[in-house]
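no sequence on this one, just coordinates:
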């Protein structure tokens, strides 16, 4: 459909429109038929499935797919998706679908862990997913800012509605961080417009700004503020303190959403900012070196502090929170190199991290089925898991080995190599040394948890062990999510090039 002012291709917009319309439909159904509580989750799953179904249309052309374009051959487009953007949309939509499966398919589990009813929870997940899918394709600053906040604020509400002890405090911490991040992003956007005279992320105007010393300094300050604002959303050190506070008070599927889909939105937002810089700094200017140093320091600090503190955690969700901080460093490290190959490597690593993390979170949701809060979970709950529930032990092992980068999870090994390769190619040897050291730390973090699952449980009374206890009862949706994640980990380990090809 084409109007006199702007051209719109609705099929290209399907990954964004489908979850948005799904959220609206859920609220309408809840208003018209409040007793039809069993419809909300199927509507949410169908909406996310429709969004996933719209992704192949955007890859039928060799170049980036664009829409919302001004008229004329040189008209600017405000929505653009390339291979990396499509992969990030795939991560957001598929990750949200798996989170909804963990929460369903009925309403009993949702009522037990979330206040407000299934309609509110499903609508919030769909709204946040809309923002995550939109931010990676937005090419103008106002839409980009709205999208990144749309991906964040519903997540705050999801944490606040959790029934775990201290949920309000965790949500307040996340809200304060979100407001601080929003303020920094607003300042950064204002400085960007002042330096470039443009309200879009355009390579041409950015190159002009770099050529003028006065604009140049303002632009570098703008990039610093924007990176700081996104650092909060990425859980990068030193903007990470909200992460363990919010994770441990939320239900496991909600914490999984924060660790995966929210991170995909933040990475997408960072790529939109850094994309124009890739071509501008390709000549190897000092500005490229300074930006690489800033992002590289963030990456090194995040992975080192995250792994060191994860080693000390006994609460599995708190351990995963610090693991998320550490993995944020691995996503940032190749992105800091400011090359097209590095951007693809960052997205490929993010894809592997999301699959592995969702698998581990799904197991924690099965092992801790109640609304447990801070200090109520322990790694000792996993003693004897291999005998009590082989399915959970297998999925947990695959997920942890993928995050650690150890065989037989070949996918994790390849992801580590792919993340290190751009850093080596750029000659940032200090960062290479940090990455290698954190491989060792990460192995210690994840193998420590895995040893609990394979270790025999101690006897409680003569003839009675934890291994003789019944296996955790799995809701149908959670069982489906576990099987899908196990299949994905096995397939991608057998054919790791599939994950790399999606990002390229």
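That came in fine, so what should we check first? Given the structure is predicted, the values throughout are model-derived calculations rather than measurements. Numbering: from 1, shown residues only.

Please count neighbours and contacts with C-alpha atoms only from this point.
Fine.

Tell me how far the closest residue to residue 77 other than its chain neighbours lies from residue 381.
Leaving aside its sequence neighbours, residue 77 sits nearest to residue 69 (C-alpha to C-alpha, 6 or more residues apart in numbering; 3.9 Å). Shown here: residue 69 relative to residue 381, a distance of 55 Å by C-alpha to C-alpha, to the nearest Å.

pLDDT weak spots in the stretch 201-350 of the chain?
Residue ranges of the stretch 201-350 of the chain with pLDDT under 70: 282-288.

Show me the helices in it, by range?
Listed in chain order, the helices found in the stretch 201-350 of the chain under DSSP state H, counting those that start in this stretch are 203-211, 213-234, 242-247, 252-259, 261-280, 286-310, 316-335, 340-367.

swap in the stretch 51-200 of the chain?
Using DSSP H, counting those that start in this stretch, helices in the stretch 51-200 of the chain cover 83-103, 108-113, 117-135, 141-150, 153-160, 167-196.

pLDDT at residue 72, what is it?
Per-residue confidence (pLDDT) for residue 72: 64.

And the one 5 residues further on, by the same measure?
Per-residue pLDDT puts residue 77 at 76.

Pretty sure residue 365 sits against residue 253.
Yes - counting by C-alpha atoms under 8 Å, residue 365 does reach residue 253; the two are 6.8 Å apart.

just to revisit the earlier point, out of the helices of the stretch 51-200 of the chain, nearest to residue 400?
Between residue 400 and the helices of the stretch 51-200 of the chain, the tightest spacing by C-alpha to C-alpha is seen for helix 83-103, at 17.6 Å.

and that closest one, what does it pack onto?
helix 40-53, helix 117-135, helix 252-259, helix 261-280, helix 340-367, helix 476-494, helix 497-503 (3 or more C-alpha pairs under 8 Å, 6 or more residues apart in numbering; DSSP states H and E).

Quick one: name whatever helix or strand follows the fifth one.
Which is helix 340-367. Once helix 340-367 ends, the next helix or strand along the chain (criterion: DSSP states H and E) is helix 385-388.

name the helices or strands packed onto that next one?
So helix 385-388, by 3+ C-alpha pairs under 8 Å, 6+ apart, packs with helix 390-404, helix 429-454.

quick one, the last one and helix 316-335 angle?
When axes from the mean of the first three to the mean of the last three C-alpha atoms, to 10 degrees is applied, the directions of helix 429-454 and helix 316-335 differ by 150 degrees.

Which of residue 69 and residue 381 has more residues huddled nearby?
Neighbours around residue 69 and residue 381, counted as other C-alpha atoms under 10 Å, are more numerous at residue 69. The numbers are 20 against 17.

you'd agree the more buried one is up against residue 7?
Yes - with contacts counted by C-alpha under 8 Å, residue 69 reaches residue 7, the gap being 5.3 Å.

thinking again about what came up before, may I see the helices and strands packed on helix 83-103 arranged in JSON lines, with mean neighbour count and distance to residue 86 as well?
What follows is those, written out as JSON lines (neighbours: other C-alpha atoms under 10 Å; distance: least, C-alpha to C-alpha, whole Å):
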{"stretch": "helix 40-53", "mean neighbour count": "22", "distance to residue 86": "10"}
{"stretch": "helix 117-135", "mean neighbour count": "27", "distance to residue 86": "9"}
{"stretch": "helix 252-259", "mean neighbour count": "26", "distance to residue 86": "19"}
{"stretch": "helix 261-280", "mean neighbour count": "23", "distance to residue 86": "10"}
{"stretch": "helix 340-367", "mean neighbour count": "25", "distance to residue 86": "10"}
{"stretch": "helix 476-494", "mean neighbour count": "19", "distance to residue 86": "18"}
{"stretch": "helix 497-503", "mean neighbour count": "17", "distance to residue 86": "8"}
